[in-house]
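Participant: mind looking at a prediction? Sequence and model below.
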Amino acid sequence: MAEDQDYDVIIIGTGAGGGTLAHRLAGSGKRILLLERGGYLPRERDNWESKAVFVAGKYRAPEFWLDKHGHEFPPEVNYYVGGNTKFYGAALFRLRPEDFGEIRHQDGISPAWPLRYEEFEPYYTRAEHLYRVHGRHGEDPTEGPASAQYAHPPVRHEPRIQQLSDDLEKRGLHPFHLPIGVDLTQDEQGEATRSSVCIRCDRVDGFPCLVGGKSDAQVVCVDPALEHANVRLITHAHVQRLETDDSGRRVTGVVARVAEEDTVVFRADIVVVACGAVNSALLLLRSANDRHPRGLANSSDVVGRHYMRHNNLALMAVSKEPNDTRFQKTLAVNDWYLGSEDWDYPLGGIQMLGKSDAEQIHAEAPRWAGSLAPDMPFEVLAHHAVDFWLCAEDLPLPESRVTLDGDGRVHLALDEGNNVVALERLRRKLQKMLGHLGMHEHHLLSHSIYLHKGMPIGATAHQAGTVRFGTDPRTSALDTDCKAHDLDNLYVVDTSFFPSIGAVNPSLTAMANALRVGDHIAERLR
């Protein structure tokens, strides 16, 4: 390894940001090094076992962070090639055009971005095509204009979800096909064809895909990038800090512990950080030196601040008729995304979750005691379950932040009451409709297995905002190309750059931005 340490570009992290950027730059002919803290996720039967994935947390990183009270909690992080996309639900939404402007909420202001929707739009289209997103532009009245239709048709609803869609329309709403990244070819009945990689199973949400049918960053971007001789990946490389030259204007060394043994210093003309919003901020903070006493890119003191993770609820309704759906994650509703007839502020969106099974319901049973009919076995309840994900915006507060203590332990301070009224109103909207949707009206159960046993601070899957971009170096860490204001060759391309988070899954925006920044870096390399 010692004789091979100099590169044109080093990318730290292989998830939605880093993996996508590697794919964009792979054809440049430049020497590109990917450093990944973890290894490849093992392909094994447990990939699809609820007990292993959700109950035991087999693939979650074995680490604990501290909340603002000093209490330990297990964060929802996974260190593998492909990053957290190995476990995401592959719901790939665009932010709404309004999300790029200033939005007033009951609890405060969601700030405007320094760029408009129109400047992201071409990259959204490219990202949708790259990640094989299935959907249909034009169904969702809240979405912005698209320069091209999805390259793949929507994943067809199974009968119970089609009935749900029809019932929602009867209520005057506008349900639409959820945009989802899967390698699926459907026949005339919507079934997977013999040549389809995705088999339309019930393991799409929260599980790694054993057959590579989900559009995660490893399958779609990293593996194809590595087919280029100029791209190299080193796994089990935990980057400890970044070193700068005497002026403090350039990163000159990427110091990594490889395979938990050797410490190696890698060098590159351009260094890109894409470790996830928490770990990217931590890396910059750990890299403090005489020129950057508060951490790299942190003359503004915003690094680690403005942490966001959405206000989310995973809910299970009980259908009066059996729900035989396997691939349930095909429908969404955004009618109250920007407000409602009885409230002037945005509420958020509703989408389907992957289908509950008996193992998941058994794990939740103690929390649901007294809420369910005692004569309904777990298997029967699972057969009638219909699962929803509610997502509302939280605000980027400076006191919601990531810090390191003197022992190097991670602290995450979070105001868990931040803008939660919107989420509760969204829940009530769904609750009131249950009787009209063929559901038992009094059974809308919090399905916290998706939120690590009801601990909102542990649900870090949608983390964003800790290294925000902007035009003013006094209030942002990055410029509009996601280059650090304070350094000439340091970029950040994960969800850290978000000034606000909207109320849709952030992955597609991270992918689109990586393509956008990739165009800039490719031009710079030329």
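Facilitator: Good, I have the coordinates. Numbering: from 1, shown residues only.

Participant: go through the longest strand seen in the chain and flag the buried ones.
Facilitator: Using DSSP state E to assign secondary structure, the strand with the most residues in the chain is strand 262-273. For strand 262-273, a neighbour-count test (16 or more other CB atoms under 10 Å) marks 264, 266, 268-273 as buried. Just so you know, the C-beta spots here come from the backbone N, C-alpha and C atoms, and that holds for glycine as well.

Participant: CA atoms of the helix or strand just after it as PDB?
Facilitator: Note on strand 262-273: by DSSP states H and E, the next helix or strand toward the C-terminus is helix 277-286. The C-alpha coordinates for helix 277-286 follow below in PDB (Å, rounded to 0.1, in the frame of the first residue of the first chain):
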ATOM      1  CA  ALA A 277     -24.000  14.100   7.900                       C
ATOM      2  CA  VAL A 278     -22.800  13.100  11.400                       C
ATOM      3  CA  ASN A 279     -19.500  11.400  10.500                       C
ATOM      4  CA  SER A 280     -18.600  14.100   7.900                       C
ATOM      5  CA  ALA A 281     -19.000  16.800  10.600                       C
ATOM      6  CA  LEU A 282     -17.000  14.700  13.100                       C
ATOM      7  CA  LEU A 283     -14.100  14.200  10.600                       C
ATOM      8  CA  LEU A 284     -13.900  17.900  10.100                       C
ATOM      9  CA  LEU A 285     -14.000  18.600  13.800                       C
ATOM     10  CA  ARG A 286     -11.400  15.900  14.500                       C
END
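
Participant: the inter-axis angle of helix 277-286 versus strand 262-273?
Facilitator: 110 degrees (axes from the mean of the first three to the mean of the last three CA atoms, to 10 degrees).

Participant: quick one: mean pLDDT for helix 277-286?
Facilitator: Mean per-residue pLDDT for helix 277-286: 98.

Participant: which secondary structure elements does the next helix or strand after it contact?
Facilitator: Note on helix 277-286: by DSSP H and E, the next helix or strand toward the C-terminus is strand 311-319. Packed against strand 311-319 by the contact rule (3 or more CB pairs under 8 Å, 6 or more residues apart in numbering; DSSP states H and E) you find helix 378-384, strand 385-392, helix 420-433, strand 439-446.

Participant: return the most buried member of these.
Facilitator: strand 385-392 (a mean of 24; mean count of other CB atoms under 10 Å).

Participant: partner strands of it, with direction?
Facilitator: Strand 385-392 has the following strand partners under DSSP bridges: strand 311-319 (antiparallel), strand 349-352 (antiparallel).

Participant: quick one: buried residues of whichever helix or strand comes after that strand?
Facilitator: Beyond strand 385-392 in the direction of the C-terminus, DSSP H and E gives the next helix or strand as strand 401-404. Buried residues in strand 401-404, counting neighbours by 16+ other CB under 10 Å, are found at 401-404.

Participant: hey, C-alpha coordinates of strand 401-404 in CSV?
Facilitator: Output of strand 401-404 as CSV, limited to C-alpha atoms (Å, rounded to 0.1, in the frame of the first residue of the first chain):
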residue,chain,number,x,y,z
ARG,A,401,-25.7,19.7,16.8
VAL,A,402,-23.0,17.0,16.7
THR,A,403,-19.9,17.4,18.9
LEU,A,404,-16.9,15.4,20.2
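
Participant: give the next helix or strand downstream of it.
Facilitator: Following strand 401-404 in sequence, per DSSP H and E, is strand 410-413.

Participant: mean confidence score for that next one?
Facilitator: For strand 410-413, the mean confidence score works out to 96.

Participant: need the contact partners of that strand.
Facilitator: Contact partners of strand 410-413, identified using CB atoms under 8 Å, 6 or more residues apart in numbering, comprise 63, 65-68, 75, 278, 282, 307, 399-405, 457, 460.
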